[in-house]
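okay, sequence plus prediction incoming.
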Amino acid sequence: MRVDGADHEAICLRCGRCCREKAWFEGEHYVLPVYCLHFDPVSRLCTCYDDRLHRSDVECLEISEAINRQALPADCPYVKKIRGYKAAREDWEGNSTLVSMLARGEIP
Ligand code: SF4
Ligand code: SF4
């Protein structure tokens, strides 16, 4: 996810995890091992950044909305200093239900 402003750009690690599909499951967000179709794995940037929030083929969140929805991983610089922030989980492999849903192509 790119964000507006040079300062914001500077702190993003370009890890790309906020551009992975998420599963909202049992009250928590899980980051899944499936990238958004608009994520370029080489540049690690969005290929449709300017209109990403208006597209019908993806639900993309502004950084503030991603923070509010607890959709960012714990070590993301945008949230790691927020006290009490409940980060998106990355341990989807330990959840057998999610693993089964992924295997069936049923990403909620
Ligand atoms: S999870 Fe955070 S650090 Fe990683 S790409 Fe997204 S905004 Fe940048
Ligand atoms: S449209 Fe996809 S690749 Fe682009 S910022 Fe949003 S989630 Fe990331």
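Happy to help now that I have it. Ligands and ions are numbered 1, 2, ... in the order given.

please make it C-alpha for all contacts and neighbour counts, starting now.
OK.

what sits against the most centrally placed residue in the chain?
Among the residues of the chain, the one closest to the centroid is residue 18, at 2.3 Å (Cα atoms, centre = their mean). The contact partners of residue 18, by Cα atoms under 8 Å, 6 or more residues apart in numbering, come to 1, 31, 71-73.

secondary structure class for it?
Using DSSP: H, G, I helix; E, B strand; the rest coil, the structure places residue 18 in helix.

quick check: it vs ligand 2, distance?
Taking Cα to the nearest ligand atom, to the nearest Å as the measure, residue 18 falls 7 Å from ligand 2.

ok, residue 80 next?
Counting by Cα to the nearest ligand atom, the gap from residue 80 to ligand 2 is 20 Å.

same check, this time on residue 95
Taking Cα to the nearest ligand atom, one finds residue 95 at 23 Å from ligand 2.

number of residues surrounding that residue?
Using other Cα atoms under 10 Å, the number of residues around residue 95 comes to 11.

distance of it from residue 69?
21 Å (Cα to Cα, to the nearest Å).

what's the answer for residue 51, then?
Relative to residue 69, and taking Cα to Cα, residue 51 is found at 21 Å.

settle it for me: which of those two has more neighbours?
residue 69 (15 against 9).

rewinding a little: quick check: the farthest pair among the contacts of residue 18?
Farthest-apart pair in these is 1 and 31; separation 13.7 Å (Cα to Cα).

who has more neighbours out of the two?
Comparing residue 1 with residue 31 by other Cα under 10 Å, the one with more neighbours is residue 31, at 24 against 21.
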